[in-house]
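*Asks:* how would this look folded up:
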Amino acid sequence: MASIDVLRSRFYSFDKMYIQDLREQSFVDWPFREECNCTPEKMAKAGFVHCPSENEPDVACCFFCLIELEGWEPDDDPWSEHIRRSPDCGFLTMKKDFTELTVAEYYQMEKERLKVYIRKVCSKKMACLQERKDQTLKSLKSLLKSI
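*Replies:* Residues are numbered from 1 along each chain as shown. Okay, here's the model as predicted:
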């Protein structure tokens, strides 16, 4: 799962990723090509951007809902995988092509994308706080036992 800094940089760089061609260009080193169901074109069409790491060369992230999927198989259908794991993604429920959106519709989409980002960051921060709380409690209990 991406760190908060990675999420922040993705959020700000992904604002251009409404355009399918730009998403597709991110799949330069994508391991699946012809004879596969999850080609760069199909991945981009389903809203994904290729976000590889050293240990995970096939990580794809939705530019809108920020869901990260890895462990792709040649027969995986990107659209189906996206719907199955993130059925409420605003990109998946968009009724028309990005080029047909009005300015008001675009700003509404960006507002929804911002909400997703804020929820993810808050969730990560809460998880970190929970972990720190648990560690502190463990330390205090250990300290009390030694007294």
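*Asks:* What separation do you get for the nearest residue to residue 27 once chain neighbours are set aside and residue 21?
*Replies:* Nearest residue to residue 27 in three dimensions, chain neighbours excluded: residue 40, at 3.4 Å (CB to CB, 6 or more residues apart in numbering). Bear in mind the C-beta positions are built from the backbone N, C-alpha and C, glycine included. Between residue 40 and residue 21 the distance, using CB to CB, to the nearest Å, works out to 11 Å.
*Asks:* same deal with residue 64?
*Replies:* Using CB to CB, one gets 16 Å for the distance from residue 64 to residue 21.
*Asks:* what do you get for residue 124?
*Replies:* The span separating residue 124 from residue 21 equals 31 Å under the rule CB to CB.
*Asks:* follow-up on the earlier one: between residue 40 and residue 21, which is the more surrounded one?
*Replies:* Neighbours around residue 40 and residue 21, counted as other CB atoms under 10 Å, are more numerous at residue 40. The numbers are 22 against 8.
*Asks:* can you tell me which residues contact the more buried one?
*Replies:* When the contact criterion is CB atoms under 8 Å, 6 or more residues apart in numbering, the partners of residue 40 are 24, 27, 30, 32-33, 50.
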